[in-house]
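Q: the sequence and its predicted three-dimensional model are supplied below.
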Amino acid sequence: MATLRLEPTDDICGFSLSDATGEALICRQWHGHLVHDGNYEPLLPAIAGADLLIRPDLFTRLCDTIGLSRCRTGISVRHMPATHDDAPDSGD
């Protein structure tokens, strides 16, 4: 972050870095739809995710600095199908 001259953003609850122009990089994390499977373990989120948002001008500077071969972007999704025990009751 020193290369991009970023510092923690004032008065923001969470992960946010800024430069002289304003907010530059923000990380968001979320989870939801807690699932109870009937045992005594803590509830697990059925949906969880994170993203890292960076201003376009800083992304260009970052790629120029580290090289395109080291710059990776995209979306990663993992799906875990329900097991027979997780299937809803048929009402019988």
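A: Thanks, I have the structure now.
Q: alpha carbons only for contacts and neighbour counts from here, please
A: Will do.
Q: where in this structure is pLDDT low?
A: For the chain, the stretches flagged by pLDDT under 70 are 1, 82-92.
Q: how close does the residue most central in space within the chain sit to Ser18?
A: Nearest to the mean C-alpha position of the chain, by C-alpha atoms, centre = their mean, lies Ala50 at 1.1 Å. For Ala50, the distance to Ser18 under the criterion C-alpha to C-alpha, to the nearest Å works out to 19 Å.
Q: ok, now Ile75?
A: Taking C-alpha to C-alpha as the measure, Ile75 falls 24 Å from Ser18.
Q: how about the secondary structure of the residue nearest to Phe15 when sequence neighbours are not counted?
A: By the measure of C-alpha to C-alpha, 6 or more residues apart in numbering, the closest residue to Phe15 outside its immediate chain neighbours is Cys27, 5.5 Å from it. Reducing the assignment at Cys27 to three states with DSSP: H, G, I helix; E, B strand; the rest coil gives strand.
Q: what's the answer for the one 5 residues further on, then?
A: At Gly32, secondary structure determined by three-state DSSP is strand.
Q: how far does stretch 8-28 stretch from one end to the other?
A: Using C-alpha to C-alpha, the end-to-end distance of stretch 8-28 comes out at 15 Å.
Q: again with stretch 68-78
A: Taking C-alpha to C-alpha, stretch 68-78 runs 26 Å from one end to the other.
Q: mind checking how far it is from the chain centre?
A: Its chain's average C-alpha position is 13 Å from that of stretch 68-78, according to C-alpha atoms, centre = their mean, to the nearest Å.
Q: quick one, helices of the chain?
A: Secondary structure of the chain by DSSP state H: the helices cover 56-66.
Q: can you pull out the strands in it?
A: 7-8, 15-19, 22-35, 44-54 (DSSP state E).
Q: looking at the ones you listed, which is buried most?
A: Most buried of those by mean neighbour count (mean count of other C-alpha atoms under 10 Å) is strand 15-19; its value is a mean of 17.
Q: between helix 56-66 and it, find me the angle.
A: Computed by axes from the mean of the first three to the mean of the last three C-alpha atoms, to 10 degrees, the angle separating strand 15-19 from helix 56-66 equals 90 degrees.
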